[in-house]
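Chemist: give me a 3D structure for the following:
(3 chains)
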Amino acid sequence: MKREVPVFICMVMGLVMIVQFFVPHPVSQAIYQTILKWLIIVVTFAMVLGILSLARLHLTKLRRGDKDWFYSLVAISSLFVTLLTGFFNFKITDSFIIEGWKVPFSFFTISFASGLAAGTPFMNLFEYIQVPMQATMFSLLAFFIASASFRTFRARTPEATLLLVAAVIVMVGRVPVGHMISSAIPALSDWILVNPNMAAKRGILIGVGLGGISMALKIILGIERSWLGGGGE
Amino acid sequence: MKEILRGFLKIDRRWIFLFVLLGVLIPLATGKGLHHSYPGNEVKLVYNFIENLQPGDIVMLSMDYDPATIPELDPMSRALLRHCFNKGVRVMALTLHPAGAGICIAVIDELLAEYSQPGINPDGSERPARQYGQDIVFMGYKPGTDAVMLGMGEDVRLLFPQDYAGTEIPPYHGDPKETSLPMMCDVKNYNDVKCVITISGTRMPEYWVAYAYQRYHVKIATGVTAVMFADYYPYLQTGQMIGLIPGMKGAADYEELINHPDRGMVGMLPQSIIHLLIVAFIILGNIAFFIVRREDKQEGKKGGKKK
Amino acid sequence: MKNKWLLLLIGIGMAIVVGFLSKFTFYSTGEGENMVMHNWLGLTAAAILTLGIFTFLYKDNPFYKFAEHLLVGSSAGYTLVIYFHNFVRPNLIDAVVNGFKKVGEMQSAGTYNFVDSILKNGGIWAIVPGIMGFLILFRLSRKLGWLSRYSIGFYMGTAMGIAIPVAFQASIIEQVRGTILQTATTTPTPVFNLDFFAALIANPSWSAFVLAVSGPLVIIGIFCTLIYFFFSKEHTGVVGVFSKVGIWFLMLGFGASFGATVMARISLLIGRMDFLINDWIKGVILPLFGG
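Modeler: Okay, the predicted model is just below:
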């Protein structure tokens, strides 16, 4: 029952959603709209599950006193501070100005309200701490890709040569300097993107589409059951 | 010679990092920049579509990106919003990425401040001030990508009973004077919007095509990071997407088309320098590699003969 | 150990200062219409974090690990807050509360009936997915994890059922149609267009040649790429030849993607450098020294 009933629910819902796609009757549309609303609510909790799982991981590391427990403390602390500012809107009540510099003064009032408006502590933490850190983490990749292009990208085979030639043409053609060198470079770059690149990507898209449909059918028909999770129950 | 080239191939990667850093730092620090980006055809398709809209038309702008992709996608969001505000096209903004909520609030607040007074457009025409609720409404974030896209095809109020600040969305064809969001009186579903513009750093545009275009036949225009734009040419060719804005270059193209250079255009000179630098790295690395390999082979042959 | 505690204290202090005080820590440059407000505290905190993460390029260090975990925690917290305010509160809590309010109003007005008050009251029915969603959280428990399967079964079945027809339409039918017809134009034209060949013969030129040949090349490319991904037959003989051509097209496609990826990564670095130089150094540091 603990495995069969969920698989049955999965099959029924899958078949209902496939059939309703072809049935324009108002009853079918009403059922469709209700299921969509319910689906979003269920999906939200699934995403919250991921975050709770992360918190549990770090709390376990703290409890056990693992090697990098300090960094787990940092993660939990920042999670706590962000939640606090997000659920309670803190307002500082006064400030004064010295030679054009605005300096904070006085105490703050606390109210339970959405912290989502611009200028709230929650949004300030997002804008001045989360945004720069996340952006900078990804910007490190620029250095590594430059290093990799020198040290590892070798035209060892004709196929690899073709890849590198296409890459070089697209790289030069997609920046204004390519146009300044010669208008043939961006034209060639555009031709590669619109023709052979499009052909390859379409082949991949069709293949992925067919694979996705077969996987979805396997899940609906109960052939693929890995989503049930482990355990003998 | 071989030893020099071998040493060259094994150069500490921090020297390469330094070259890249200088290539970006110098043009930004000196303030030098390029003035033309030579807009691509795919960007012009989006620009022409918006340009041909009438004042009062509504577009849906879905800013589905996180802070990691701000440098590429923020400039194109701003350029698109400026174009819409200049034309008097109304915008229903939303995000399907949780981190997008904060970004959207920042972008919309900044642009509303910029357009808070009547002004003159780059083409010389006059425009009134733009206001939240009248010219743009931000619906906030909703999880459940496919369900949200399908739900909006029926009624946006199914998913968004309030805007991001908690203000109730007025009923369809309700009295605009009785609400602070009069624009939403004219929007029920995709039939009331001219197109959906999705700005995304993930696979979101594919979902928009699959769920919104295929089922409800609403036009889709896309702005994506440069990583992904090469993958969307099949959709352009079939007409599933009406246009494509690729990365920072696409943002610079759009800024040139609306005659308002911003962060996209600023990035074009360092981008060009680094691209040429990386091409040079690839060519030099391969030349050195082949010379070393040829000399190794020759030494190997000589060693064989001696035996 | 001391350094780590110091870092944590600095981090929490930074959060408090940036979060609570940055709104008020502005200074102005310029006068009148040209006045610009700069948030010096927030920008300086962002710049310190940015430079700290860049230190990873020299060597891995505790500051980078600290910043990494700070980001993980704050991103998780941010996501939870956004979910609550943008979804749980309006679509679940408010919906259920308003549903019960409606029942109360109908009872007070004497218009209560089971069908309108309960069956057709969407607000009250929102409790059902709310309970289903709550059951998903039991996935974290070893003993009661099986409870989550019912909700996940609902989610998987619905999502897969929605996905199958749309995937078929968007990824297969439209793409195959696009291989035969150029559908983005007002009047669809064939991809393999004999008119272009006629034009090439009538007025031979390089551009006419490219136009004529591109269409058939695309069809060959798509066909050969699909042959390459067919692994049920060994890639020898005729299949091997088509597969080889498919690889060439794939290499051109991946080369284009690689060039585009380089572009994307460089753009991200330009964004950060632009912030450091134009927003922080020129906006905060130089005015400090009268620049």
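Chemist: what's the domain layout of chain A?
Modeler: A:1-66, A:153-226 (automatic domain parsing).
Chemist: now those domains in JSON lines, with mean pLDDT, distance to chain C and mean neighbour count?
Modeler: The C-beta positions use only the backbone N, C-alpha and C, and glycine is treated the same way. Output for those, formatted as JSON lines (pLDDT from 0 to 100; distance: least, CB to the nearest CB, whole Å; neighbours: other CB atoms under 10 Å in any protein chain shown):
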{"stretch": "domain A:1-66", "mean pLDDT": "87", "distance to chain C": "3", "mean neighbour count": "17"}
{"stretch": "domain A:153-226", "mean pLDDT": "92", "distance to chain C": "3", "mean neighbour count": "20"}
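Chemist: indicate which one of those is closest to C:Val88.
Modeler: domain A:1-66 (6.7 Å; CB to CB).
Chemist: end-to-end on that closest one?
Modeler: The first residue of domain A:1-66 is 39 Å away from its last residue (CA to CA, to the nearest Å).
Chemist: strands of the stretch 1-150 of chain C, start to end?
Modeler: Listed in chain order, the strands found in the stretch 1-150 of chain C under DSSP state E, counting those that start in this stretch are C:26-29, C:36-39.
Chemist: which of these comes out lowest on mean pLDDT?
Modeler: For these, mean pLDDT drops lowest on strand C:26-29, to a mean of 56.
Chemist: thinking again about what came up before, out of the domains of chain A, flag the one nearest C:Lys101.
Modeler: domain A:1-66 (18.8 Å).
Chemist: that closest one near chain B at all?
Modeler: Yes. Applying CB under 8 Å from any CB of the partner chain, one finds domain A:1-66 in contact with chain B at A:29, A:32-33, A:36-37, A:39-40, A:43-44, A:47.
Chemist: can you check stretch A:172-186 too?
Modeler: Yes. For stretch A:172-186 and chain B, the contact criterion (CB under 8 Å from any CB) is met by A:172, A:174-179, A:186.
Chemist: among the residues you listed, name the ones in helices.
Modeler: Counting by DSSP state H, the members of these that fall within helices are A:172, A:176-179, A:186.
Chemist: so which residue is dead centre in the chain?
Modeler: I'll assume chain A. In chain A, the residue lying closest to the centroid (CA atoms, centre = their mean) is A:Met47, at 11.4 Å.
Chemist: other chain: chain C
Modeler: Mean-position check on chain C, CA atoms, centre = their mean. Result C:Thr79 at 13.7 Å.
Chemist: phi, psi of the nearest residue to it once chain neighbours are set aside?
Modeler: Using CB to CB, 6 or more residues apart in numbering or on different chains and skipping residues adjacent in sequence, the residue nearest C:Thr79 is B:Pro98, 4.6 Å away. Backbone torsions of B:Pro98, given as degrees, to the nearest 10, read phi -60, psi -40.
Chemist: and if you look at B:Tyr141?
Modeler: phi -110, psi 140.
Chemist: then A:Phe126?
Modeler: Per degrees, to the nearest 10, the backbone of A:Phe126 is at phi -60, psi -50.
Chemist: tally of neighbours for it?
Modeler: As a burial measure, A:Phe126 scores 31 neighbours (other CB atoms under 10 Å in any protein chain shown).
Chemist: and for B:Phe289?
Modeler: 18.
Chemist: all strands of the chain, in order?
Modeler: Picked chain A for this. In chain A, the strands defined using DSSP state E lie at A:88-98, A:101-112.
Chemist: that answer is for a different chain, and I need it for chain B
Modeler: Under DSSP E, chain B gives strands at B:58-64, B:90-95, B:119-120, B:126-127, B:136-141, B:195-200, B:219-224, B:243-246.
Chemist: which residues in chain A form helices?
Modeler: A:4-20, A:26-64, A:69-87, A:121-125, A:131-151, A:158-173, A:176-181, A:184-192, A:198-220.
Chemist: out of the ones you listed, the one nearest B:Asp155 is which?
Modeler: Per CB to CB, nearest to B:Asp155 of the helices of chain A: helix A:26-64, 8.0 Å.
Chemist: the closest one packs against which elements?
Modeler: Counting contacts by 3 or more CB pairs under 8 Å, 6 or more residues apart in numbering or on different chains; DSSP states H and E, helix A:26-64 packs against helix A:4-20, helix A:69-87, helix B:145-154, helix B:156-159, helix C:62-83, helix C:122-125, helix C:127-136, helix C:148-167.
Chemist: and the spatially closest residue to B:Arg157 that is not a sequence neighbour, how far from B:Leu96?
Modeler: Of all residues beyond its chain neighbours, the one nearest B:Arg157 is B:Ile169 (5.5 Å), with distances taken as CB to CB, 6+ apart. Using CB to CB, to the nearest Å, we find B:Ile169 at a distance of 17 Å from B:Leu96.
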